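Student: I'd like to go over a predicted model; first the sequence, then the structure.
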Amino acid sequence: MQAHGYRVIPVNPTATEILGETAYPSLSAIPELYEIVNVFRPSDQVEPIVDEAIRAGKAKVIWMQTGIANEAAAAKARAAGLHVVMDRCMRTDHRFQFA
């Protein structure tokens, strides 16, 4: 996605830099606004990420990658006014839309 002009802000508690960008230990540690939380964790680990995204109040979208779906987390996100995408690859969707 970076190659297409998108800024990727990595969140990983064990890294300080990923893809040339500063990595943050959590969503709440990111000091700037972001639009999408792109989740690459197993389905049963999504709910705490959604909870943190809601608390941080910066995201507009929760995107769960291919193979990831959590209806309870999606319902929470929607109730908080976030858009939700489940079980879809952002890169594939981008390629389909802009190819």
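Tutor: Yes, it's here.
Student: And the spatially closest residue to Pro13 that is not a sequence neighbour, how far from His4?
Tutor: Nearest residue to Pro13 in three dimensions, chain neighbours excluded: Pro25, at 4.3 Å (CB to CB, 6 or more residues apart in numbering). Where C-beta positions appear, they are placed from N, C-alpha and C, glycine not excepted. Pro25 is 27 Å from His4, where distance means CB to CB, to the nearest Å.
Student: Have a look at these two and say which one is more surrounded.
Tutor: More neighbours surround Pro25 than the other of Pro25 and His4, with 13 against 9 (other CB atoms under 10 Å).
Student: so that one touches Val11, yeah?
Tutor: Yes: with contact defined as CB atoms under 8 Å, Pro25 and Val11 form a contacting pair (7.4 Å).
Student: Only C-alpha atoms, please: export the longest helix seen in the chain in CSV.
Tutor: When the chain is parsed with DSSP state H, its longest helix is helix 46-56. Provided in CSV are the C-alpha atoms of helix 46-56 (Å, rounded to 0.1, in the frame of the first residue of the first chain):
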residue,chain,number,x,y,z
VAL,A,46,-9.9,-8.7,17.4
GLU,A,47,-12.2,-7.5,20.2
PRO,A,48,-9.5,-5.9,22.3
ILE,A,49,-8.1,-4.1,19.2
VAL,A,50,-11.6,-2.8,18.4
ASP,A,51,-12.0,-1.7,22.1
GLU,A,52,-8.7,0.2,21.9
ALA,A,53,-9.6,1.8,18.5
ILE,A,54,-12.9,3.0,20.0
ARG,A,55,-11.1,4.5,23.0
ALA,A,56,-8.5,6.2,20.9
